[in-house]
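In: sequence? don't have it. structure:
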Ligand SMILES: Nc1nc2c(ncn2[C@@H]2O[C@H](COP(=O)(O)OP(=O)(O)O)[C@@H](O)[C@H]2O)c(=O)[nH]1
Ligand SMILES: [Mg+2]
């Protein structure tokens, strides 16, 4: 850390312990942030009270302001509340394992069912998808098509009730050695008694090992009513949070967790059928809190080791020695932190629009890594020597195209340029904000 | 059932949750104090009005209470009602009832109820004696065309469709030519659900919009954004970005038959001046109603 910055931090600190007024003041912002993220009002109230109590009297870290210290505690508490990462399915002792997908209309059950089937197939399972939505027009057809896309058989039965369909699907699975059966049920309102009864009947007749509530990440205050009702009637086992590839802060995640106590097992990150990911409590916590800038600052202040690295990097930049190896290092760090677009939002001082030119998605990141890995050590250190024939070789070795290699080299130059800009920006007092090249 | 009754029954749950508490609150409060305001704010936030919007509404009310020297909580109730009504009536759906031919582009994020709303709308226009044509321009989602086709049969209207994966703009183009030839009054275009932060998908939508403008300039163009009442504050971002991209001029608020209150449309009407035109209160073909700010608010606030 530069001395200037260090002294800036020192100026802000020095209160020793968090006073009641420190905490209350910071909590006003926290409360507003959580509410604007759609966390349920009652959940926010309880959370804020609990954390306030916990925070008063706690010590303030050397390098943090009291307000930052409170945010740090809030973030830790949020992560704790979200639970650990538990993307596991409870397997039946005797197959098939039955997974029942339930939720409101339009929450994403059908797509998620197909994604989950594909996900489990990749782990060596042999799933069967079952079309239990006999109500919505063309719902069965939709499941058949997405099933085909992920290469998973779909069981359907015209004219039969969802209970009968589930039962017969189970028989079918046993005969065809499908070890997982995924029931795609119709969307329904949690207050629709008749339709909720139908789910209870399915549950009674096929005894699912896993009942997953599919919740749209954009859900507002009502998330608590929905989750509470579904959980009370069905005793769900977990939650899948969908449409997280949108720009919602996703406060519903916290609401649902708070009222059901059930883990969020997976998150849906896109319309493509492999866009299902394990749940990361820390990512969602900082997303909900929406104080990326403050959190980054806190992290920065804490991580002395990373500071050292950043300083090295800075020196390298100054001396024009930033190599593709460093670039790769940085990419790995970014990868640890979660989806890029999200990180961009979290970083203060980074104008996502300005960065538009170097847009990198997670898949592209994988390709970049492959390309750099296909280079020799020397090439990584002196990209200038990468001529046409070397580019061809690298493209071939990484399973990419020459255009992609060219693009990467250009991006690298661009990054270098931008980083230089940022290091000069630091002189105007905006430092402590950046260590990532994007 | 008359329109008002249906609206009321559609909003029954909303009313139960919100108004009974407003009433309970107002009845239990003898004076207008800080606690009273806090509770009022809580009610608004729980209705998805949004913390910031709720705060500004309450501040407005505070001011007026002072100015008018109000003493009784029930007077505040009338104030709140007026305030919400005023915001929702701002730019209320223009009187476009008699503008034909017309083309309605229906847009929104995934799963909000676009296709269902189109089915209901088609039926509504048909009931009014209009000749309706549906354009199956959601060529992306599996079986989306089949879904719309079933709605076209239910409503008894024609449909123009292409294969899955084909260009949505081409479907709309064909629908326009067909509408001209058949002298249809209304074309309603289904589009694929898309999250507003996906740049390429929004570009695709702009392209469809351009085709409409280029090929059918004589028609009255309506761009209808479908919002799910269950959605929280993200609906504001949806409305903002869809407005920027394709200049939405009205909103359909669906799933009001649940327990969600859809209060976020207040912020949308206030900030973006896009009025709500229809509300969805179920999955049946006649579960669509015209949005009436007055009825909406009074159904919301009256026990
Ligand atoms: N309860 C209720 N469900 C609705 C309403 N409108 C649509 N739906 C349901 O929401 C789900 C998604 O609707 P769909 O029209 O396919 O959404 P799209 O993806 O936007 O076209 C379907 O199950 C519909 O039946 C409504 O007003 N009330
Ligand atoms: Mg649709």
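Out: Perfect, thanks for sending it. Every value quoted in this text rests on a predicted model; they were computed, and no experiment measured them. Ligands and ions are numbered 1, 2, ... in the order given.

In: so the residue nearest the centre of chain B, which of the three states?
Out: Nearest residue to the geometric centre of chain B (C-alpha atoms, centre = their mean): residue B:252, 2.2 Å. What DSSP: H, G, I helix; E, B strand; the rest coil gives for residue B:252 is strand.

In: Sticking with residue A:173, tell me its helix or strand.
Out: Counting by DSSP states H and E, the element that carries residue A:173 is helix A:162-175.

In: Okay, angle between the next helix or strand after that helix and helix A:162-175 too, please.
Out: Sequence-wise, the next helix or strand beyond helix A:162-175 is strand A:180-184, with elements assigned using DSSP H and E. In terms of direction (axes from the mean of the first three to the mean of the last three C-alpha atoms, to 10 degrees), strand A:180-184 departs from helix A:162-175 by 160 degrees.

In: Can you tell me what sits against strand A:180-184?
Out: Here strand A:180-184 makes contact (C-beta atoms under 8 Å, 6 or more residues apart in numbering or on different chains) with A:95-101, A:109-110, A:113, A:116-117, A:120, A:125-133, A:139, A:143, A:166, A:169-170, A:173, A:202, A:206, A:208. Glycine gets a C-beta too; all of them are placed from N, C-alpha and C.

In: Restricted to strands, list the residues you listed.
Out: Counted as lying in strands by DSSP state E, out of these, are A:97-101, A:127-131.

In: Show me how to select, in PyMOL, the buried members of these.
Out: Selection of buried members from those for PyMOL, criterion 16 or more other C-beta atoms under 10 Å in any protein chain shown:
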select buried, chain A and resi 97+98+99+100+101+127+128+129+130+131
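
In: Tell me where chain B has helices.
Out: Counting by DSSP state H, chain B has helices at residues B:3-10, B:12-28, B:34-46, B:51-67, B:73-89, B:114-127, B:144-155, B:168-182, B:199-215, B:234-246, B:264-272, B:293-301.

In: can you tell me if the helix holding residue A:173 touches chain B.
Out: No: in terms of C-beta under 8 Å from any C-beta of the partner chain, no part of helix A:162-175 sits within range of chain B; the closest distance is 15.9 Å.

In: what's that helix packed up against?
Out: Judged by 3 or more C-beta pairs under 8 Å, 6 or more residues apart in numbering or on different chains; DSSP states H and E, the packing partners of helix A:162-175 are strand A:127-131, strand A:154-155, strand A:180-184, helix A:193-206.

In: quick one on the thing from earlier: want to throw the helices of chain B into a markdown table with mean pLDDT and mean neighbour count?
Out: Putting the helices of chain B into a markdown table (pLDDT from 0 to 100; neighbours: other C-beta atoms under 10 Å in any protein chain shown) gives the following:
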| stretch | mean pLDDT | mean neighbour count |
| --- | --- | --- |
| helix B:3-10 | 43 | 16 |
| helix B:12-28 | 53 | 17 |
| helix B:34-46 | 89 | 18 |
| helix B:51-67 | 93 | 16 |
| helix B:73-89 | 89 | 18 |
| helix B:114-127 | 98 | 23 |
| helix B:144-155 | 98 | 21 |
| helix B:168-182 | 97 | 19 |
| helix B:199-215 | 96 | 16 |
| helix B:234-246 | 97 | 22 |
| helix B:264-272 | 92 | 22 |
| helix B:293-301 | 75 | 20 |
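
In: Redo the ones you listed as TSV? Include distance to residue A:159.
Out: Shown next, in TSV, are these (distance: least, C-beta to C-beta, whole Å):
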stretch	distance to residue A:159
helix B:3-10	31
helix B:12-28	33
helix B:34-46	43
helix B:51-67	49
helix B:73-89	45
helix B:114-127	23
helix B:144-155	16
helix B:168-182	32
helix B:199-215	37
helix B:234-246	39
helix B:264-272	41
helix B:293-301	40
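
In: Let me know which of these is the nearest to ligand 2.
Out: Among the helices of chain B, the nearest to ligand 2 by C-beta to the ion is helix B:114-127 (3.4 Å).

In: before we move on, the earlier item: just the buried residues of the helix holding residue A:173, please?
Out: A:162-163, A:165-167, A:169-170, A:172-173.

In: do stretch A:386-395 as well
Out: Buried residues in stretch A:386-395, counted by 16+ other C-beta under 10 Å: A:386, A:391, A:393-395.

In: near ligand 1, which residues of chain B show up?
Out: B:108, B:110-116, B:193, B:254-255, B:257, B:280-283, B:287 (C-beta under 6 Å from any ligand atom).

In: Which of those residues fall within strands?
Out: Cross-referencing the residues of chain B next to ligand 1 against strands under DSSP E gives B:254, B:280.

In: Can I have the buried ones of the residues of chain B next to ligand 1 as a PyMOL selection?
Out: Buried members of these, defined by 16+ other C-beta under 10 Å, are picked up in PyMOL with:
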select buried, chain B and resi 108+110+111+112+113+114+115+116+193+254+255+257+280+281+282+283+287
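
In: and residue A:239, which of the three is it?
Out: strand.

In: Which pLDDT value belongs to it?
Out: The per-residue pLDDT reported for residue A:239 equals 97.

In: For burial, what's the neighbour tally of whatever residue of chain A ends up closest to ligand 2?
Out: Residue nearest to ligand 2 within chain A: residue A:106 (9.2 Å; C-beta to the ion). When neighbours are defined as other C-beta atoms under 10 Å in any protein chain shown, residue A:106 has 24 of them.

In: close enough to count as contact, it and residue B:115?
Out: No: using C-beta atoms under 8 Å, residue A:106 is not in contact with residue B:115, being 10.2 Å away.

In: Next, count neighbours for residue A:50.
Out: Residue A:50: 12 surrounding residues under other C-beta under 10 Å.

In: OK, contacts around the residue nearest to it when sequence neighbours are not counted?
Out: Counting by C-beta to C-beta, 6 or more residues apart in numbering or on different chains, residue A:50 lies nearest to residue A:77, which is 7.4 Å off, once chain neighbours are set aside. By C-beta under 8 Å, 6+ apart, the contact set of residue A:77 is A:47, A:50-51, A:54.

In: sorry, back to before: next, the angle from the helix holding residue A:173 to helix A:193-206.
Out: Using the same axes, to 10 degrees: helix A:162-175 against helix A:193-206 is 30 degrees.

In: how far does helix A:162-175 sit from the chain's center?
Out: Centroid separation between helix A:162-175 and its chain, computed with C-alpha atoms, centre = their mean, to the nearest Å, is 34 Å.

In: From the rest of the structure, what touches that helix?
Out: A:96, A:98, A:128, A:130-134, A:155-157, A:160, A:178-179, A:181, A:183, A:185-186, A:198, A:201-202, A:205-206.

In: hang on, isn't the residue nearest to the centre of chain B packed against residue B:279?
Out: Yes: at 7.1 Å, residue B:252 and residue B:279 qualify as touching, with contact defined as C-beta under 8 Å.

In: who touches both of these two?
Out: Listed as contacting both residue B:252 and residue B:279 by C-beta under 8 Å, 6+ apart are residue B:288.

In: Go through the helices and strands packed on helix A:162-175 and name the closest to residue A:243.
Out: strand A:180-184 (17.2 Å; C-beta to C-beta).

In: sorry, back to before: going by neighbour count, which of the contacts of helix A:162-175 are buried?
Out: Buried among those by 16+ other C-beta under 10 Å: A:96, A:98, A:128, A:130-134, A:155-157, A:178-179, A:181, A:183, A:185-186, A:198, A:202, A:206.

In: what about the residue of the stretch 151-300 of chain B found nearest chain A, neighbour count?
Out: Per C-beta to the nearest C-beta, residue B:232 is where the stretch 151-300 of chain B lies closest to chain A, at 2.6 Å. By the criterion of other C-beta under 10 Å, residue B:232 has 32 neighbours.

In: That one touches residue A:221, doesn't it?
Out: Yes: using C-beta under 8 Å, residue B:232 makes contact with residue A:221 at a distance of 6.5 Å.

In: residues shared between the contacts of the two?
Out: Common contacts of residue B:232 and residue A:221 (C-beta under 8 Å, 6+ apart): A:38, B:48.

In: can you give me phi and psi for the residue of chain A closest to ligand 2?
Out: Residue A:106 has phi and psi values of phi 80, psi 10 when expressed as degrees, to the nearest 10.
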